[in-house]
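Student: here are the coordinates; sequence isn't available:
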C-alpha cells in the first residue's frame, strides 16, 4: 500500500487489511512475550558490538523533569521530583545518624511514558486483541500486564543501531514539516544516502527534526500535536524488514494528523498487537545525528533496556549509542 492508495474515509478496512497481511501471531509460539525482539539474537549483538571503534557515547534520552513535553493530555504529566532528605537536614543535625553521617534521598512520580520511552506489547489493542491474538482483558488488568510486561524485554534490547536521519536527507534545514508522511521510499532513500542497510534484528532510529524545533520554539503542541512521522503505508516495510525495534524523535511515532479523516494512531494498531513491534518515542537523536553526519557512520552499538517494572505496558529509557 502506498500513501496514494490510502482511502482516507475507511481506516477500519485499511487496518484490518494490514493486520491480516502483516501479522506475526504464532510466529514464535503461542507463549511468546517478546515479539520482534526475537529477531535480535546473539549473532546480531556481536555484530553491533563490533561497531564500537572510537568509544564515544551518546545518551539519546530527554531530561526527566518538570520542564518536559507533557501538557496533561490523557492524564500524562511531566515528572514530579521530590526530595525526601537533603543537605540542609544533614547540616542541621536532624537526620538522627551517629558520628556526623548525613545523606540525601529522593522520589519521583511520573507516567512511565511521559518522556523518552518504549511502548510495551501490552500498550495497544486491536478490537480487544493484544499481541499474539490474546484477549486484551486477560492480558492487562488493574494489576498490570500479566503476560507481556516490559520486564520480559529488559535483557534483550541491545544490538546494532541504525540512524535514518530523514530530516537531513529529505527535509529542509534538517527538519521535516508537520504532517509529513515518511514512506518506505523515504526510509530506503535515506539509508542509501547514509550508506547503511536495514534488516533483521536491527534497532532503527528515525530522526525527523521535530525535537530540535521544540528546543528553539518551545514545546507547544509537541505532545499530541501535528508532526512528521511514519506513514501508515510503512506497515509492510516494518513487517518485511524484520527489524527488532524502531524509535523516533516525535511524540507519536506515526505521522500526525494521521492519514485518515477520522482515526487515532492506526499504525500503532497494526504494529504493536499484530507485528509485535517494539516502538520508542521522544528520543533525542540530535547529538548522535551530528556526529554521524561528521564521520559518515550511521551504525553503532545501541543499548536501550527498559526498566524491569513488573506488569508495565511502557517504560522510560536512557538509550546509549556507542560508536
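Tutor: That came through fine. Keep in mind that what you see is a predicted model, and the values were worked out from it rather than measured.

Student: can you confirm residue 82 is in a strand?
Tutor: Yes: looking at residue 82 with DSSP: H, G, I helix; E, B strand; the rest coil, it is inside a strand.

Student: May I ask you to confirm that it is in contact with residue 104?
Tutor: No: using Cβ atoms under 8 Å, residue 82 is not in contact with residue 104; the gap is 11.9 Å. (Glycine included, C-beta is placed from N, CA and C.)

Student: Those two: which is more packed in?
Tutor: Per other Cβ atoms under 10 Å, whichever of residue 82 and residue 104 has more neighbours is residue 104, with 13 against 8.

Student: How about the contacts made by the more buried one?
Tutor: 83, 85-87, 90 (Cβ atoms under 8 Å, 6 or more residues apart in numbering).

Student: just curious, which of these is nearest to residue 147?
Tutor: When the contacts of residue 104 are ranked by distance to residue 147 (Cβ to Cβ), residue 83 comes first, at 37.0 Å.

Student: how many other residues sit next to that closest one?
Tutor: Count around residue 83 with other Cβ under 10 Å applied: 12.

Student: Tell me the bridge partners for it.
Tutor: With DSSP bridges as the criterion, residue 83 is bridged to residue 106.

Student: isn't it right next to residue 105, touching?
Tutor: Yes: if you go by Cβ under 8 Å, residue 83 and residue 105 touch, sitting 7.4 Å apart.

Student: In three-state terms, label residue 90 for me.
Tutor: helix.

Student: if you skip the residues just before and after it, what's nearest to it?
Tutor: Spatially, and ignoring its direct neighbours in sequence, residue 90 is nearest to residue 102 (2.7 Å; Cβ to Cβ, 6 or more residues apart in numbering).

Student: Work out for me the element the residue nearest to the spatial centre of the chain sits within.
Tutor: For the chain, residue 280 is the residue whose C-alpha lies nearest the centre (Cα atoms, centre = their mean; 0.3 Å). Counting by DSSP states H and E, the element that carries residue 280 is strand 278-281.

Student: same question, residue 191
Tutor: Assigned by DSSP H and E, residue 191 falls in helix 184-194.

Student: Counting by contacts, list what that helix packs against.
Tutor: strand 158-165, helix 166-169, helix 235-240 (3 or more Cβ pairs under 8 Å, 6 or more residues apart in numbering; DSSP states H and E).

Student: hmm, who's touching the last one?
Tutor: It refers to helix 235-240. Contacts for helix 235-240 (Cβ under 8 Å, 6+ apart): 1, 18, 21-22, 24, 184, 187, 230, 246, 267, 270-271, 275, 277.

Student: Let me see the mean pLDDT of that helix.
Tutor: What helix 235-240 shows for mean pLDDT is 98.

Student: What of the second one?
Tutor: Within the predicted structure, the mean pLDDT of helix 166-169 is 98.

Student: residues in contact with residue 317?
Tutor: Applying Cβ under 8 Å, 6+ apart, the residues near residue 317 are 61, 116-118, 280, 304-307.

Student: now, which of the residues you listed sits nearest residue 179?
Tutor: residue 280 (21.3 Å).

Student: hmm, what's the outermost residue in this structure?
Tutor: Outermost in the chain, Cα atoms, centre = their mean: residue 99 at 47.5 Å.

Student: And it, how far from residue 105?
Tutor: 19 Å (Cβ to Cβ, to the nearest Å).

Student: ok, now residue 182?
Tutor: Residue 182 is 44 Å from residue 105, where distance means Cβ to Cβ.

Student: of those two, who's got more company?
Tutor: residue 182 (25 against 10).

Student: which parts of stretch 22-38 are buried?
Tutor: Residues of stretch 22-38 classed as buried: 22-25, 28, 32-38 (neighbour count, 16 or more other Cβ atoms under 10 Å).
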